[in-house]
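Participant: Here is my input, please return the structure:
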Amino acid sequence: MQQSRSQVTERDGLYELAAGPDVLDSPRYNHDIAPTQVHERTWNKWHITALWVGMSICVPTYTLGGVLTAYFGLSVGEALLAILLANIVVLVPLTLNAFPGTKYGIPFPVLLRSSFGVIGSNVPCLIRAVVACGWFGIQTMFGGLAIHLLLGSIFEGWKSLGGTGEVIGFMIFWTLNLWIVLRGAESIKWLETLSAPLLVLVGAGLLVWALPNVSMSELLAQPPSRPEGASVTGYFLAGLTAMVGFWATLSLNIPDFSRYAKSQKDQIIGQIIGLPLTMFLFAALGVVLTAASASLVGETVSDPVSLIGHIQSPGWVALAMALIIVATLSTNTAANIVSPTNDFQNIAPKLIDRTKAVLLTGLIGLALMGHELLKKLGLLVSDLSLESVYSNWLLGYSSLLGPIAGIMVVDYFLIKKQQLDLAGLYRDDIYPAWNWIGFAAFVVPVALTLLSLGSNAFSWFYDYGWFTGSFLGGLIYFALGSLRGAQPLMVKAPV
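Facilitator: Below is the predicted model:
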């Protein structure tokens with residue numbers, strides 16, 4: 001006999017939901033965004049470490065050093081220090097926002113129902129989802145190029161396809177990504193676990209190949225591109241903010257993964273081991289290989305896919321491209337598809353299941369890359385480069401996501417005191433449809449960020465957007481939430 005009301009039980013600090021008709025029949029619930037049961041939380045610290053190794057070793061990480069030296073005026077040493085510090089900083093919201101995911105087994109959009117409302121949660125969710133779809137398209141472009149070069153190393157005639165071959169590679173890689181995510185969280189866990197050691201070996205192999213062709217002392221001694229005599233502080237902090245912005249997205253939707261962690265200890269240790277050092281070392285490898293590329297292949301090449309494509313041995317190119325495909329696949333599936341899949345389901349859980357959400361993510365990512373694909377097919381002429389698109393995104397979108405991170409941390413730890421109504425998150429009678437406090441705390445920092453763009457005196461507010469946004473958003477939410485009290489205002493959400 002089925003119970004009439006949902007029951008919540010606790011096992012060693014982990015809560016699980018035995019859903020009754022009150023939740024099962026709710027329009028806010030489906031199986032894919034339901035809380036994970038305790039027996040489904042199988043990821044230990046090494047699985048989470050592998051997740052971060054798999055996500056961090058990718059083409060955009062490789063190019064970060066070049067982005068900081070070219071766009072932010074930092075020296076090589078300053079750039080690498082900024083990358084290391086940024087990933088230590090971003091560990092704070094990552095580990096804190098992972099707590100409710102591990103404790104309650106809930107994904108990111110369901111957690112946001114506490115701070116933005118059951119319906120209002122869709123606004124920050126969609127902001128996060130669109131950014132992820134854009135990154136999905138960018139990473140798929142790199143993966144498609146790797147497939148094109150792999151096929152070109154095996155079939156001589158393939159090289160003559162040029163841009164058309166890259167577009168075909170894009171579509172193959174696009175399909176492969178969607179297929180893996182459709183198979184579920186366990187497929188992603190094992191992809192990351194198996195790919196992590198391979199990716200470390202690839203990095204080591206590339207380093208051995210490059211080191212004889214570059215002088216580290218000369219590389220570190222290169223002067224920065226900023227104006228001579230200019231203070232390093234402003235340039236460094238702007239670069240630091242951009243690097244924090246690189247994982248600003250995951251600092252929000254980390255519950256999408258921590259909901260599978262065995263314990264809080266596993267998610268904390270796994271993230272500490274997996275993120276900062278991997279990001280630092282692979283970005284450093286990118287700096288070294290870019291500097292060595294002129295000696296290695298006769299010209300300066302700033303991305304590893306194109307660099308390896310210059311190797312004259314088809315066998316080595318094929319092997320390297322296969323590993324690059326695995327690296328990009330492990331990043332793309334976890335970092336750029338899982339979140340929007342959950343976010344889109346949150347809009348209408350009874351109408352949008354995981355399959356539909358994955359396909360929607362893929363179609364939006366495809367549409368966002370339409371400009372680049374048309375260029376490769378020769379149907380469009382444009383000077384807009386893919387590198388400039390994603391390097392400019394780093395600072396811009398981190399300014400929008402910072403307030404959300406601050407609001408989430410303050411809501412869970414300071415306002416709700418780590419206590420959520422698990423069944424209530426999936427119904428309309430506990431949490432408000434729209435939490436105006438969450439939106440006030442979000443809109444004010446974003447508005448100030450946009451206004452600061454037109455003011456020289458307040459340009460620092462934009463330059464340090466993630467820090468100013470997260471701090472101010474959290475502060476406003478705490479002030480307004482404390483005035484109202486921890487209990488959510490009862491506002492009936494429409495069915």
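Participant: show me where the stretch 301-450 of the chain has strands.
Facilitator: Using DSSP state E, counting those that start in this stretch, the stretch 301-450 of the chain contains no strands.
Participant: Show the low-confidence segments of it, by residue range.
Facilitator: Where the stretch 301-450 of the chain drops to pLDDT under 70, the residues are 384-399.
Participant: What ranges does it have for its helices?
Facilitator: Along the stretch 301-450 of the chain, counting by DSSP state H, counting those that start in this stretch, helices occupy 304-309, 314-332, 338-347, 354-368, 370-376, 386-409, 436-452.
Participant: of all these, which gets the most neighbours per residue?
Facilitator: For the helices of the stretch 301-450 of the chain, the largest average neighbour count (mean count of other C-beta atoms under 10 Å) is found in helix 338-347, namely a mean of 26. Any C-beta I mention is one placed from the backbone N, CA and C, and that applies to glycine too.
Participant: Which other helices and strands does it contact?
Facilitator: If you count contacts as 3 or more C-beta pairs under 8 Å, 6 or more residues apart in numbering; DSSP states H and E, helix 338-347 packs onto helix 108-116, helix 122-154, helix 248-253, helix 255-258, helix 354-368.
Participant: Swap in 6 Å and give it another go.
Facilitator: Using 3 or more C-beta pairs under 6 Å, 6 or more residues apart in numbering; DSSP states H and E, the elements in contact with helix 338-347 are helix 108-116, helix 122-154, helix 255-258, helix 354-368.
Participant: quick one: it to chain centroid distance?
Facilitator: 14 Å (C-alpha atoms, centre = their mean, to the nearest Å).
Participant: now it against helix 108-116, angle please.
Facilitator: Taking axes from the mean of the first three to the mean of the last three C-alpha atoms, to 10 degrees, one finds helix 338-347 and helix 108-116 inclined to each other by 60 degrees.
Participant: Alpha carbons of helix 338-347, as PDB, please.
Facilitator: What follows is helix 338-347, C-alpha atoms only, in PDB (Å, rounded to 0.1, in the frame of the first residue of the first chain):
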ATOM      1  CA  VAL A 338      24.600  17.800 -17.200                       C
ATOM      2  CA  SER A 339      23.700  21.200 -15.800                       C
ATOM      3  CA  PRO A 340      21.400  22.500 -18.700                       C
ATOM      4  CA  THR A 341      19.800  19.100 -18.800                       C
ATOM      5  CA  ASN A 342      18.700  19.500 -15.200                       C
ATOM      6  CA  ASP A 343      17.900  23.200 -15.700                       C
ATOM      7  CA  PHE A 344      15.600  22.700 -18.700                       C
ATOM      8  CA  GLN A 345      13.700  19.900 -16.800                       C
ATOM      9  CA  ASN A 346      13.100  22.300 -14.000                       C
ATOM     10  CA  ILE A 347      10.900  24.500 -16.200                       C
END
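Participant: residues making contact with it?
Facilitator: 32-33, 107, 109, 122, 125, 129, 132-133, 253, 256, 352, 357-358, 360-361 (C-beta atoms under 6 Å, 6 or more residues apart in numbering).
Participant: Residue 9: what secondary structure?
Facilitator: Recorded secondary structure, residue 9: strand (DSSP: H, G, I helix; E, B strand; the rest coil).
Participant: Count the residues that sit near it.
Facilitator: Here the number of neighbours of residue 9 (other C-beta atoms under 10 Å) works out to 11.
Participant: so what's it up against?
Facilitator: With contacts defined as C-beta under 6 Å, 6+ apart, residue 9 is in contact with residue 16.
Participant: Over to the one 3 residues further on?
Facilitator: Neighbour list for residue 12: empty [criterion: C-beta under 6 Å, 6+ apart].
Participant: per-residue pLDDT, it?
Facilitator: Looking at residue 12, its pLDDT stands at 89.
Participant: Same check on residue 77?
Facilitator: On the pLDDT scale, residue 77 gets 87.
Participant: Nearest residue to it in space, ignoring adjacent ones along the chain?
Facilitator: Nearest residue to residue 77 in three dimensions, chain neighbours excluded: residue 220, at 5.1 Å (C-beta to C-beta, 6 or more residues apart in numbering).
Participant: Am I right that the one you found is in a helix?
Facilitator: Yes. Assessed with three-state DSSP, residue 220 lies in a helix.
Participant: my read: residue 438 touches residue 113, true?
Facilitator: No. The pair residue 438 / residue 113 is not scored as a contact, 10.0 Å apart, by C-beta atoms under 6 Å.
Participant: Next, residue 41: phi, psi?
Facilitator: Here is the backbone geometry of residue 41 (degrees, to the nearest 10): phi -90, psi 90.
Participant: And for it, the neighbour number?
Facilitator: The tally of other residues near residue 41 (other C-beta under 10 Å) stands at 21.
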